[in-house]
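>>> Quick one, what's the 3D model for this:
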Amino acid sequence: MRFLKFAVAVFAVAAVSACTTSGEKGNPTPAPQSSSSSGNDSGTTLPERPQALKLDSVDTCKLLTADQMKQISVVSADPVNLALVAGKESPSCDFGSDGGFGYQVGAVTHNGVSYWQRGGGNVDTKSIKVGDFGAVQITLKGGTGFDCSVAIDVADGQQLMVSYIPTTTKEKDQSVLCGKAEKAAGLALSTLKTVK
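This next block holds a predicted model:
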């Protein structure tokens, strides 16, 4: 589990620094959009969300039920706070397995998915749908086999962020990693819809 937390922290630092172009520490800014093709799908507008699902006060460790945890083969849930998006830490949960991989679910309440759509930096983004919600798939440039994250547009200025992280497995197929992140994101989203 410590390795999972380290891996998540490394991704979070890389992702936050990916949006820093000014070189100033503590003041990350997204890179300006360019018309050149960089592998980013950052200019794509997401579909209108069917409803707002506020993340304020949501217990991220309860966003995957016991049955859902079995579906993605995780056995533990540990609450953490992580700097997933620049600005402040977000309540998150590390879901660990016995098989050399884990998932992380984070409730970002201070910055919506447009944060990822600005483009530039060290991440590639792609607009996708998770269930009936628009989302952004996030991968590190040149980081095939490292991990994959999905940020779901759940409310104005908020995003449900789910990452799949192979901690000791040798998975290298990025589409497989992103498929696993998307599946877990769909499960967490379906639970979030039931939270009052």
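>>> low pLDDT regions in this protein?
Within the chain, the stretches falling below the threshold (pLDDT under 70) are 1-44, 120, 143, 169, 196.
>>> all helices of it, in order?
Defined through DSSP state H, the helices belonging to the chain, from first to last, are 2-18, 66-71, 114-117, 174-192.
>>> Please compute how far the shortest one lies from its chain's middle.
Offset of helix 114-117 from its chain centre (Cα atoms, centre = their mean, to the nearest Å): 12 Å.
>>> so who does residue 79 touch?
Contacts for residue 79 (Cβ atoms under 8 Å, 6 or more residues apart in numbering) come out as 59, 60, 61, 91, 92, 93. C-beta here means a position set from N, CA and C on the backbone, and glycine is covered the same way.
>>> now these in CSV, with neighbour count and distance to residue 79?
Converted to CSV, those look like this (neighbours: other Cβ atoms under 10 Å; distance: Cβ to Cβ, whole Å):
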residue, neighbour count, distance to residue 79
59, 12, 8
60, 26, 7
61, 17, 5
91, 21, 7
92, 25, 7
93, 22, 6
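>>> hmm, which two among those are most spread apart?
The widest separation within the contacts of residue 79, taken as Cβ to Cβ, falls between 59 and 92 and amounts to 10.9 Å.
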